[in-house]
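Enquirer: 3D model of this:
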Amino acid sequence: MSARILVAEDDAKQARLIRIYLEQAGDEVQIVSDGRSAIDRARSSRPDLLVLDVMMPNVDGLDVCRILRAESQVPILLLTARSTEEDLLLGLDLGADDYLTKPYSPRELTARVRALLRRSKAAAPAAPAVLTVGELEVDTTRFEVRAAGRPVALTGKEFAILTVLMGEPERVFTRAQIIDRVFGFDRNVLPRTVDAHVMNLRRKLEKGDGGTHYVETVYGRGYRLEQGTQGTQGTQGTQGTQGTQGAGTHDAGTPGTGTHGAGTVR
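Expert: Here you go, the predicted structure:
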C-alpha cells in the first residue's frame with residue numbers, strides 16, 4: 001500500500017532515517033524542517049499522512065496539528081520528546097491520531113504509519129471533489145469555480161476562502177477563523193486583508209448574475225455563504241471602500257487585486 005507521506009522534522013539525521021524506512025516500504029516521502037513549511041506543504045500537496053515532530057522552529061508541532069486538523073482529516077503521527085501524560089493527551093486532544101516518544105524504533109514508526117493508513121482508508125469517506133451550494137460549484141481537484149454555470153477566475157487565497165465557506169454553508173466564520181484556516185501563522189495578515197479578499201471574491205462571483213448574492217457580511221461577526229439569493233435583505237455589514245452594495249450587505253476593507261481567467265485558480 002503506497003502512500004504520500006509528509007515528514008516534518010527539524011533534525012536532518014532523523015528525517016533522513018525516516019525517509020529511508022518509509023521509502024523502503026514503498027511510500028513517497030516529502031520532508032520539511034519547520035512548522036510554517038509543514039502547514040504550507042500539507043495544504044499544497046495533500047499528503048495521505050503527516051509525521052510531525054512537536055519541537056520545531058517557527059511554529060511548533062502542536063500548533064501545526066491544531067491548524068491542519070481544523071481543515072482536513074489527514075492522519076497525524078506525532079513525534080515527541082515530551083513523555084508526560086499531560087503532553088501526550090494535549091497532542092491527542094488537538095487532533096493527533098497517534099504518537100511516538102523519542103527515542104523510537106524506525107521499524108515501529110513504519111508499523112504505526114501502516115496502521116494509521118489502514119484505519120483512515122477504512123473509516124474515512126472520500127471528501128467530495130466537487131462542492132455544490134445553490135448555484136455555486138467548486139471543483140477542489142481542478143481548482144475551478146462556477147457561479148450559475150459561469151466560470152469564475154479566482155486567486156489562490158480567494159479560492160481557499162470560498163472553499164472554507166462552502167464547507168459549512170450558513171455558518172458564520174469570523175475573520176480570525178478565516179485567517180487561521182487560510183493564512184495560518186502569517187503574522188502580517190490583518191482582518192482588513194480578509195475583508196479585501198472577500199470583497200474581490202464577492203465581486204467576481206456576483207458579476208453578471210443579476211444581483212445574486214453569495215457571500216454575506218454578518219455585522220460584528222464575519223462572513224457566511226448563502227445559498228444564492230436575488231435582491232433579498234442581507235445582514236447589515238460595515239461600510240468599506242468600494243464595497244458591493246445590495247441586499248443590505250457591504251464590504252469592509254481596501255480592495256485587493258483580483259486575477260481574471262477562464263475559471264481557474266492561479
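Enquirer: ok, the nearest residue to residue 48 once chain neighbours are set aside to residue 195 distance?
Expert: In space, and not counting its chain neighbours, residue 48 is closest to residue 3: 4.0 Å by Cβ to Cβ, 6 or more residues apart in numbering. To be clear about C-beta, it is placed using only N, CA and C from the backbone, and glycine gets the same treatment. According to Cβ to Cβ, to the nearest Å, residue 3 and residue 195 sit 39 Å apart.
Enquirer: more neighbours, these two?
Expert: residue 195 (26 against 20; other Cβ atoms under 10 Å).
Enquirer: I'd guessed that one sits against residue 175; true?
Expert: Yes. Between residue 195 and residue 175 there is a contact under Cβ atoms under 8 Å: 7.4 Å.
Enquirer: show me where the stretch 151-266 of the chain has helices.
Expert: 156-167, 175-178, 191-206 (DSSP state H, counting those that start in this stretch).
Enquirer: for residue 176, see how far away residue 118 is.
Expert: Computed as Cβ to Cβ, the residue 118 to residue 176 distance reads 36 Å.
Enquirer: nope, residue 198 is what I was after
Expert: 14 Å.
Enquirer: same deal with residue 81?
Expert: 31 Å.
Enquirer: tell me how many other residues crowd the nearest residue to residue 21 once chain neighbours are set aside.
Expert: Among residues not flanking residue 21 along the chain, residue 106 sits closest, at 4.4 Å (Cβ to Cβ, 6+ apart). When neighbours are defined as other Cβ under 10 Å, residue 106 has 14 of them.
Enquirer: contacting residues for residue 106?
Expert: Residues in contact with residue 106, defined by Cβ atoms under 8 Å, 6 or more residues apart in numbering, are 17, 18, 20, 21.
Enquirer: what does residue 97 give?
Expert: Residue 97 touches 75, 76, 77, 116, 119, 120, counting by Cβ under 8 Å, 6+ apart.
Enquirer: isn't the first one up against residue 115?
Expert: No. Counting by Cβ under 8 Å, residue 75 does not reach residue 115; the two are 9.6 Å apart.
Enquirer: and the strand or helix carrying residue 13, which residues are buried?
Expert: Element membership for residue 13 (DSSP states H and E) is helix 12-24. Applying a neighbour-count criterion of 16 or more other Cβ atoms under 10 Å, one finds 14, 15, 18, 19, 21, 22 buried in helix 12-24.
Enquirer: tell me the confidence at residue 167?
Expert: pLDDT, residue 167: 86.
Enquirer: now it: closest residue in space, sequence neighbours ignored.
Expert: Closest to residue 167 by Cβ to Cβ, 6+ apart is residue 131, at 7.2 Å.
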